[in-house]
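A.B. asks: Prediction below, plus the sequence it came from.
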Amino acid sequence: MTTKAEENYIKAIYKIADRERKAVATNAIASQMHTSAASVSDMIKRLSEKKLVNYEKYRGVTLTETGRALATNLVRKHRLWEAFLVDKLKFKWNEIHDIAEELEHIDSNELINRLEEFLDFPRFDPHGDPIPSIEGKFTLRNQIILAELNAGITATVVGVREHDDSFLTHLDDIGLSLSRKVAVLEKYDYDDSLMIEVEGMRRTISSKVASNIYVKL
């Protein structure tokens, strides 16, 4: 049996490892969890005793097979709850993360399996992130960062890298929601900002914004 705190650490390690593709440094975990290095060390020891992580001094932390399965299941529950909150309860995509963070700790696989069926087996959550199947497999797709497109290219918004409330609200304000067509009209060498057209409206977006949006050609 794992506690809510342990599960939060496991998911944090999973996300960092998935992003960096290497063993996770304790300092990176401390930054992700907004806590001290000493607290991270104590938790790593607990997780190691439960065979959920491996820790090597000077190399970092990796998830065991059991730890990775737990993390994948947490991600599965979180993203299914987000889909439910948006699709059925009509929450906005910038309102759901914290609620799903609480719901993901409900320990009932039967509930999650029925929720998935009720939602008609969605493959992606409201932010465009893939939802793991019951077997822990993800649906992959060809997607690129909007910032990588050249002028004259039109693509469809399929996801975001950043889930921060202010960022998602900004995207709503400029009309860059999922499934929207976006045309790159001009790319400025000076700061890599883009002039785009969405739903007939022209806007200039920063390189930072464009670097946090996934599109599909």
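C.D. replies: Yep, it's here.
A.B. asks: ok, residue 115 - contacts?
C.D. replies: With contacts defined as C-beta atoms under 8 Å, 6 or more residues apart in numbering, the neighbours of residue 115 are 80-81, 84. (Each C-beta comes from the backbone N, C-alpha and C, glycine too.)
A.B. asks: Highest neighbour count among those residues?
C.D. replies: Within the contacts of residue 115, residue 80 tops the neighbour count with 25 neighbours, counted by other C-beta atoms under 10 Å.
A.B. asks: Please produce CSV containing the contacts of residue 115, extended by secondary structure, pLDDT and distance to residue 198.
C.D. replies: Listed next are the contacts of residue 115 as CSV, based on DSSP: H, G, I helix; E, B strand; the rest coil; pLDDT from 0 to 100; distance: C-beta to C-beta, whole Å:
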residue, secondary structure, pLDDT, distance to residue 198
80, helix, 98, 29
81, helix, 98, 29
84, helix, 98, 28
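A.B. asks: Tell me the one of the residues you listed nearest residue 170?
C.D. replies: Comparing the contacts of residue 115 against residue 170 with C-beta to C-beta places residue 81 closest, at 24.0 Å.
A.B. asks: thought that closest one was touching residue 99?
C.D. replies: Yes - between residue 81 and residue 99 there is a contact under C-beta atoms under 8 Å: 7.3 Å.
A.B. asks: Can you report how many residues neighbour residue 107?
C.D. replies: Neighbouring residues of residue 107 were enumerated by other C-beta under 10 Å; the total is 10.
A.B. asks: can you list the contacts of residue 115 in CSV and add distance to residue 163?
C.D. replies: Shown next, in CSV, are the contacts of residue 115 (distance: C-beta to C-beta, whole Å):
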residue, distance to residue 163
80, 16
81, 14
84, 17
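A.B. asks: Quick check: closest non-adjacent residue to residue 131.
C.D. replies: residue 79 (4.5 Å; C-beta to C-beta, 6 or more residues apart in numbering).
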